[in-house]
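Peer 1: Give me a model of this one.
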Amino acid sequence: MTTELYLEDWLEIVRENLVVQLEGLVDEDRIYKFSVPDELTDAELSPCIRLNIADMRPNNWAGDEVVGYYYEFLIDVWHKDYYQCFVIGQHIQQVLREMNFRQTSPVFDEDEDTELFRDSRTYAGNILI
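Peer 2: Residues are numbered from 1 along each chain as shown. Predicted coordinates for the structure are as follows:
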């Protein structure tokens with residue numbers, strides 16, 4: 001059994017890459033990890049992004065040593081304008097593709113609770129350490 005720990009915060013790495021690439025589209029302080037603050041009004045949500053880890057597990061070994069991890073990220077975008085929501089989603093897709101993650105499932109709908117459009121996508125990929 002391996003005793004190595006993998007402590008790289010890939011959710012923060014994804015967030016940092018999105019902050020750079022989405023400059024002018026979404027403010028840095030509107031890109032959240034795990035949850036969106038409850039105190040925001042529906043109007044203040046537009047635009048915002050929520051990042052979550054959907055899965056993270058070792059998936060590649062060399063002997064008893066883990067040399068790779070499988071990651072899935074769930075990324076949600078909310079925006080009052082459906083086209084801008086789509087555009088931001090496409091930029092996110094480009095950033096994650098450059099990081100060698102592939103989109104595995106999309107959901108695009110109007111969020112009944114907030115009356116905002118939501119672009120929700122899952123991205124998966126492997127990270128060799």
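Peer 1: Kindly list the longest helix within the chain.
Peer 2: Assignment by DSSP state H gives helix 82-98 as the longest helix of the chain.
Peer 1: Listing request: residues of the chain with sub-threshold pLDDT.
Peer 2: For the chain, applying pLDDT under 70 flags the ranges 1-5.
Peer 1: Go again with 80.
Peer 2: Applying pLDDT under 80 to the chain flags the ranges 1-6, 42-43.
Peer 1: Look at the residue lying closest to Met99 once chain neighbours are set aside and give its secondary structure.
Peer 2: Of all residues not flanking Met99 in the chain, Asn17 sits nearest, at 6.5 Å (C-beta to C-beta, 6 or more residues apart in numbering). The way it works is simple: take the backbone N, C-alpha and C, and place the C-beta from them, glycine included. Classification of Asn17 using DSSP: H, G, I helix; E, B strand; the rest coil returns helix.
Peer 1: I'd like the next helix or strand past the longest helix of the chain.
Peer 2: For helix 82-98, the succeeding helix or strand toward the C-terminus, using DSSP states H and E, is strand 102-111.
Peer 1: what's next to that following strand, contact-wise?
Peer 2: 72, 78, 82, 85-86, 89, 93, 96, 116-125 (C-beta atoms under 8 Å, 6 or more residues apart in numbering).
Peer 1: Measure how it sits relative to helix 82-98, angle-wise.
Peer 2: 160 degrees (axes from the mean of the first three to the mean of the last three C-alpha atoms, to 10 degrees).
Peer 1: if we can go back for a sec, report the backbone C-alpha coordinates of the longest helix of the chain in PDB.
Peer 2: Output of helix 82-98 as PDB, limited to C-alpha atoms (Å, rounded to 0.1, in the frame of the first residue of the first chain):
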ATOM      1  CA  TYR A  82     -28.800  33.200 -21.900                       C
ATOM      2  CA  TYR A  83     -26.300  34.000 -24.700                       C
ATOM      3  CA  GLN A  84     -23.700  35.400 -22.200                       C
ATOM      4  CA  CYS A  85     -24.200  32.300 -20.100                       C
ATOM      5  CA  PHE A  86     -23.400  30.100 -23.100                       C
ATOM      6  CA  VAL A  87     -20.400  32.300 -24.100                       C
ATOM      7  CA  ILE A  88     -18.900  31.900 -20.600                       C
ATOM      8  CA  GLY A  89     -19.500  28.200 -20.700                       C
ATOM      9  CA  GLN A  90     -17.600  28.000 -24.000                       C
ATOM     10  CA  HIS A  91     -14.600  29.900 -22.500                       C
ATOM     11  CA  ILE A  92     -14.600  27.500 -19.600                       C
ATOM     12  CA  GLN A  93     -14.700  24.600 -22.000                       C
ATOM     13  CA  GLN A  94     -11.600  26.000 -23.800                       C
ATOM     14  CA  VAL A  95      -9.700  26.500 -20.500                       C
ATOM     15  CA  LEU A  96     -10.500  22.900 -19.300                       C
ATOM     16  CA  ARG A  97      -9.600  21.500 -22.700                       C
ATOM     17  CA  GLU A  98      -6.200  23.200 -22.500                       C
END
